[in-house]
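In: Just the structure for this:
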Amino acid sequence: MKKLLTVFLLAVYGICNGQNLVPNPGFENYDSLPCNFIDTSSQFASMLHDWTVPNFTTPDICSPLISSSCLYGNPLSFNSAGLQTPRTGNIMVGMVCENGGYNEYIQVPLITPLVAGNDYQVEMYVSLAAKSDFANNDIGMYFSDTLINDFNFQSTNYAPQVLDTNTITDTLNWVLVSGCFTATTAAHYLIIGNFISPCLHGVYLGGGWPMAYYFFDDISVMQIPSCTGGQLNCTDGIPEDENHKLKVYPNPVSDMLTIENTSIGATVEIINLLGENIITQKITSYKLQMSLQSMAKGIYFVRVRDEKRSVVRKLVVE
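Out: As a prediction, this is how the structure comes out:
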């Protein structure tokens, strides 16, 4: 009887304190670690357990366990985005969060689906990479009933259940992004990244990389008795953003790069990881083709800018 009572009390304790429905929440379960930026979404998924990429972009895996002689991954690497270390454990994920244009996301199946009508508390920790030129808001969490594998996945197409409308500028500490909501469906997947809302806001910091790049760690989703704080503001009415119409392909590229849906008179720049402009060219038509055959293999950024906007895409030259 004492044994049964102990089991019962442990079960009640677990329910009252909540089970984290996110498997591998701190990214500590992995098969291997990279020695550079991630090249493909399949490479990312093959290294980390449980986590995948919904839009076939290339989030990065960062850790002090990666050799500092590697080009990227260790905080002391030559191309390091900043000196941040994981909040807990040894692994964190780095993603571009651009408030439009190129965005990276990660996706994970929940241990058990949400229950419609139940309340959930969700949390994650975020830190801006020190080399980011920009800091943005609208980092959030979207719960989906189905697995998303969509080349055209855009943050404007999905309204996250929890969204942080504060501009996260801290490059030294980890910032808690959290909220609670009432589930309306039996969602089975969580997607994390940048989602555009009417509260769209960014800050220029001039770190050197022409983007907003954030580190993520310690993700949790827990059922709670009631949601008293409510979800964060500005999670409704996600507008269509023209930035996502820009097309840069193929990516990866080995020879001819095509850029479509640009503004005539705008400037396109190819920028390396040191922030140096490798190519600068004026756009004279809505479809531009550039030969990159002579460029060294590696990670670059394509920036298209005019008087009104600047849009950045991450580019792999192979």
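In: gap between the nearest residue to His49 once chain neighbours are set aside and Gly179?
Out: Nearest non-adjacent residue to His49, counting by C-beta to C-beta, 6 or more residues apart in numbering: Asn29, 4.0 Å away. C-beta here means a position set from N, CA and C on the backbone, and glycine is covered the same way. Asn29 sits 26 Å away from Gly179, going by C-beta to C-beta, to the nearest Å.
In: What of Ala130?
Out: 27 Å.
In: So for the two, which residue has more residues nearby?
Out: Using other C-beta atoms under 10 Å as the criterion, Ala130 and Gly179 rank with Gly179 on top: 22 against 18.
In: circling back: and the residue nearest to His49, how many neighbours does it have?
Out: Neighbours of Asn29 (other C-beta under 10 Å): 13.
In: In contact with it, which residues are there?
Out: Counting by C-beta atoms under 8 Å, 6 or more residues apart in numbering, Asn29 touches Leu48, His49, Asp50.
In: go with 10 Å
Out: Contacts for Asn29 (C-beta atoms under 10 Å, 6 or more residues apart in numbering) come out as Pro23, Leu48, His49, Asp50, Trp51, Ile91.
In: Wait, the first one touches Gln107, no?
Out: No. Using C-beta atoms under 10 Å, Pro23 makes no contact with Gln107, being 11.9 Å away.
In: Among the two, which residue is more densely surrounded?
Out: Higher neighbour count among Pro23 and Gln107: Gln107, with 22 against 14, using other C-beta under 10 Å.
In: Could I get the phi/psi values of the more buried one?
Out: phi -140, psi 140 (degrees, to the nearest 10).
In: Was I right to think it contacts Pro54?
Out: Yes. Between Gln107 and Pro54 there is a contact under C-beta under 10 Å: 4.4 Å.
In: Now for these two: what residues contact both?
Out: Tyr142, Ser144, Leu147, Ile148, Asn149, Phe153, Tyr189, Ile191, Ile192, Gly193.
In: So which elements touch the longest strand along the chain?
Out: In the chain, taking DSSP state E as the definition, the longest strand is strand 213-224. Packing partners of strand 213-224 (3 or more C-beta pairs under 10 Å, 6 or more residues apart in numbering; DSSP states H and E): strand 60-62, strand 92-96, strand 106-109, strand 119-128, strand 134-136, strand 139-144, strand 175-182, strand 189-194.
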